[in-house]
Each structure stands twice: as structure tokens, then as C-alpha cells.
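>>> show me how the following folds:
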Amino acid sequence: MPALDPVDVPQPEPQPLTRLPFQPVKKSHILHCSYDYWHSKYRSSALKSRILPLTPQFLSYLREDGIILPSETPTFPPPSTYNPSSSTSSDWDSDPDPDPSLSFPAIHQAIKETIHELGGLVAPKLNWSAPKDATWISMKKNSMECATPNDIYLLLKSSDFVTHDLEHAFDGCEEEDEESLTKENIKYVLVLRKWFKVNPSCEFRCFVRERRVIGVCQRDLNHFEFLFPMKEQLREVILEYFEKTLKGTFPDGSFVFDIYLPEPYDKVRLMDINPWAPRTDPLLFSWLELLTMPLPKPLLGIPDSGVDLPLLESLDLSSDEDTQDDMDVEEVEWKPEIRFVRKDDPEAYSFASPQYSAHKLPREVVQASADGETGMREFADQWQKMMDGEVELQTGSGDDDDDEPVDKTTAP
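The predicted model follows:
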């Protein structure tokens, strides 16, 4: 019987991706990345820190508009200089802002005690995010170093990252079979880490897919020439830490973890665990390449290969010829890529816009907010005058930054 000619079936053309091929992000995965969930499990390799549960009153304070800080100085002058007869109602603000810490005195006191316990300086964060985008407003320029509760409150209330934790923690997550979780179910905490001067060249972000590290890169996007000769050493230390500490103990197979690996580059400190989700910055990678990167198939005998080992052992799958062939084949170990910023990379010269510049506010707005309701009212009046053309707009150029606006209204 003559063979039938094969029928050419047109193959559908691959369609371009319209979205990143993420698996649905579960709310439980987001909760597993919360600092208070994983810290006790990996305490031995984590940075020294204390976790303070937050009350609804404190969360309400963080969510309120404006920045009103508790008073750190006595409201009245010292008794030796205070003269009741010389004091008039005009000497005082007719509507003083109340001390917000009166609604959460226990937390306010716990923060003071924790700062003292950790040596006088701490760096704050909530469950997932640190207020790195708000360091521009800190008394310590471009630093999360905090010495008082007010330093902490100022950073937390000025941070878009913290606001995301409070209002959008479950954005983009799918509903799970169990009882629906909302942001009201989240047990928010304040994490205070012992402050130390971080060497940015020693911070790395590691990407884990299907319980395998598939990529490592710098967190700081500056060029550090000394890192390149150490690439193999750093990769070996990171992989050893992952295999011993995280691989079999973290509940999710895909996640992102941040580490600090200081000199002599032999001991990993776990800084954070982030969701395997678009909200996490891939830095020197792209999410598309991380999601589509080909991975080697698990080898027989590997616990997470999913192969029934007793069944395999009962089968005689070998032969003399196969054995000889196996001896002639050298297995090549698969290693994750590790990326550093090269000297000619554009990331190393991104001087045009400071980090987190999209989250900053004009200095005048910050100053007005710090002055309370009165300051905001004066700022609004001044702004309205500018819009009405009664006051010239400042150009912000040259040496005129400190000049007062010119009032163009004339006396009657």
C-alpha cells in the first residue's frame, strides 16, 4: 500500500506577549514575604532587629494627611523664667496641634526603649518596605538613620513605599480558596534594625525560580571594579547559603531575597525577602528574561525532581553500552548568572535624576506641612496669589533661591 503523503498543516504563528507571563500571585505569598513571618526562622543570619506590633491608632496616625510630630521639648518655658503676668493669649497659637503620640503611648515608649537597646541609632521599615524614598526629608540627609521616635515618624509618613504597604499590599493578587484576606487582616509591624553604615557594593539581589537561584545582581547601580575578579567566590558563597538555609524551608518555590555580603565575603546576612511579582524591581535583569530563562531539568535522585525513586530502582535501565557512554559524557554544572554594573553601562552614569526622585516634594511644601495647619494655610494663600499674578513665580535659577517672592500689588 503506498504511503500517504504527509499533509502540511499550517502552524499558528506565535503571538506577541501582551503581559508578563507571571503565575497568579497569591496573597499567602505576599504574607510569607512579610518580615515578621520569616525573621524568626532565619534569625541566625538576619540583621539584628526588633519587631513591634502596631495598633489601629498608630496605623491611623500613619494614614493621616499632613505631618504632625509629637513634641520633644517642654510646651511651657522653664519655671524660673515663666511670668504669668507677661503671658497673653496672643503669645500662643490659638489652635495648637495635639500631641499625636497620646493616642499610642505604649508604642511611643517602646520605640524609645528599642532605640536605646539597639545602641541609639536604628533604621525603620514596615512589614515589606523601608522608607528609602523619603530619606530626602530626614534630618540626616539621604539616610534612614534615626535617633528619636520623631525621626522614624517623619520618614514613615513621608514615604510612598510605606503607603503602598498600608493601602496596596494585596494589589494584583488573586483570591484564594480560603477565607478572603483584606488589608484589615494584615498584622502590621514596625521593624527597627540596628543602624550601621552599609557598604553599597556589598548588597546583592538574588532571584529564585522553582527553588533554584537563577540570577544575582548588585542592588546599588554604581560601578565597582573590584567585584569582577570576585564573581566566582561570591556566587559560591551565595549558592551555599541558599542551599543550606532557604531552599527547603521557605514555603514558596519562587521569590527574591536581598543579602549583605561584607568583607571578607564569606558570611551572608539576610536583609529581606521579596515577592516573585512585578512590584519587585529586577534591577540589572528584566522580568521577561527571568520568567522565560531556560532552566536545566532536575536530575534523577534530586529530591525536588518529582520522580518516583523506588519505581526507578526496581527497573534495570542500564546496559554496558549505556554505562560506557555515561563515562564518556562530562556533566556541565549549571550556574546562575551574576551581573555587575560595568564601567561603560548607562546605569553607572545615571546622574540626571537622583534615586527615588519621583517621590520627592518641593521644599516649600515640606516646610509648610511641618508648620501644621497654619503653615499649610499660608502656603495655600501664597500659591493662590501666584496663580492670580499678584506674586511673581520664582524661577529657581541662579543665586535667587533664598529671595522672597516679589509682591506686585500696590498700596491704595
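>>> quick one: average confidence on stretch 189-198?
The average pLDDT within stretch 189-198 is 94.
>>> going by neighbour count, which residues in that stretch are buried?
189-195, 198 (16 or more other CB atoms under 10 Å). C-beta here means a position set from N, CA and C on the backbone, and glycine is covered the same way.
>>> start to end distance for stretch 134-148?
This stretch, stretch 134-148, spans 16 Å end to end (CA to CA, to the nearest Å).
>>> picking that back up, for the buried residues of stretch 189-198, give me a markdown table that also has secondary structure and distance to residue 117.
Formatted as a markdown table, the buried residues of stretch 189-198 follow (DSSP: H, G, I helix; E, B strand; the rest coil; distance: CB to CB, whole Å):
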| residue | secondary structure | distance to residue 117 |
| --- | --- | --- |
| 189 | strand | 17 |
| 190 | strand | 14 |
| 191 | strand | 14 |
| 192 | strand | 9 |
| 193 | strand | 12 |
| 194 | strand | 9 |
| 195 | coil | 12 |
| 198 | coil | 21 |
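>>> nearest to residue 100 among the residues you listed?
Distance to residue 100, by CB to CB, is smallest for residue 190 among those, at 15.0 Å.
>>> using the three-state scheme, assign the closest residue to that closest one other than its chain neighbours.
With sequence-adjacent residues excluded and distances taken as CB to CB, 6 or more residues apart in numbering, residue 190 is closest to residue 52, at 4.5 Å. Here residue 52 is recorded as strand under DSSP: H, G, I helix; E, B strand; the rest coil.
>>> hang on, the earlier thing: now, which of the buried residues of stretch 189-198 sits nearest residue 114?
The shortest approach to residue 114 among those belongs to residue 192, at 5.1 Å (CB to CB).
>>> could you report the neighbour count for the residue lying closest to the closest one once chain neighbours are set aside?
With sequence-adjacent residues excluded and distances taken as CB to CB, 6+ apart, residue 192 is closest to residue 122, at 4.3 Å. Residues near residue 122, counting by other CB atoms under 10 Å, number 25.
>>> I'd say residue 122 and residue 191 touch.
No - shown here, residue 122 and residue 191 do not form a contact pair, counting by CB atoms under 8 Å, at 9.3 Å.
>>> by mean pLDDT, flag the weakest helix or strand of the chain.
In the chain, no helix or strand scores lower on mean pLDDT, DSSP states H and E than helix 309-313, which sits at a mean of 42.
>>> now residue 60: which helix or strand?
For residue 60, the element it lies in under DSSP states H and E is helix 56-63.
>>> over to residue 257?
strand 255-260.
>>> what lines up beside that strand in the sheet?
Partners of strand 255-260 in the sheet, by DSSP bridges, are strand 203-208 (antiparallel), strand 269-274 (antiparallel).
>>> just those strands: most buried one?
Of these, the one with the most neighbours on average (mean count of other CB atoms under 10 Å) is strand 203-208, at a mean of 22.
>>> where along the stretch 201-350 of the chain do the helices fall?
For the stretch 201-350 of the chain, the helices defined by DSSP state H, counting those that start in this stretch cover 231-241, 287-292, 309-313, 320-328.
>>> number of nearby residues for the residue lying closest to residue 120 once chain neighbours are set aside?
Excluding its sequence neighbours, the residue lying closest to residue 120 (CB to CB, 6+ apart) is residue 147, at 6.3 Å. Number of residues near residue 147 (other CB under 10 Å) recorded here: 14.
>>> identify the residues contacting residue 225.
Contacts for residue 225 were tallied using CB atoms under 8 Å, 6 or more residues apart in numbering; they are residue 343.
>>> I should have written residue 175 there, sorry.
Residue 175 makes contacts with residue 27, as judged by CB under 8 Å, 6+ apart.
>>> distance of it relative to residue 272?
26 Å (CB to CB, to the nearest Å).
>>> and what of residue 170?
Noted for residue 170: a distance of 19 Å to residue 272, by CB to CB.
>>> pLDDT score for residue 122?
Among the per-residue scores, residue 122 shows a pLDDT of 96.
>>> got the phi and psi for it?
Backbone torsions of residue 122, given as degrees, to the nearest 10, read phi -140, psi 170.
>>> low-confidence bits of the stretch 151-300 of the chain, can you list those?
Residue ranges of the stretch 151-300 of the chain with pLDDT under 70: 176-179, 298-300.
>>> ok, 90 please
Across the stretch 151-300 of the chain, the ranges flagged by pLDDT under 90 are 172-185, 295-300.
>>> got the end-to-end distance for stretch 51-67?
Stretch 51-67: ends 24 Å apart by CA to CA.
>>> show the average pLDDT along that stretch.
The predicted model assigns stretch 51-67 a mean pLDDT of 94.
>>> which residues touch that stretch?
Identification of contacts with stretch 51-67 by CB under 8 Å, 6+ apart yields 35-36, 39, 100, 103-104, 106-107, 110-111, 114, 153-154, 156-158, 162, 166-167, 187-192, 369-370, 372-373, 376.
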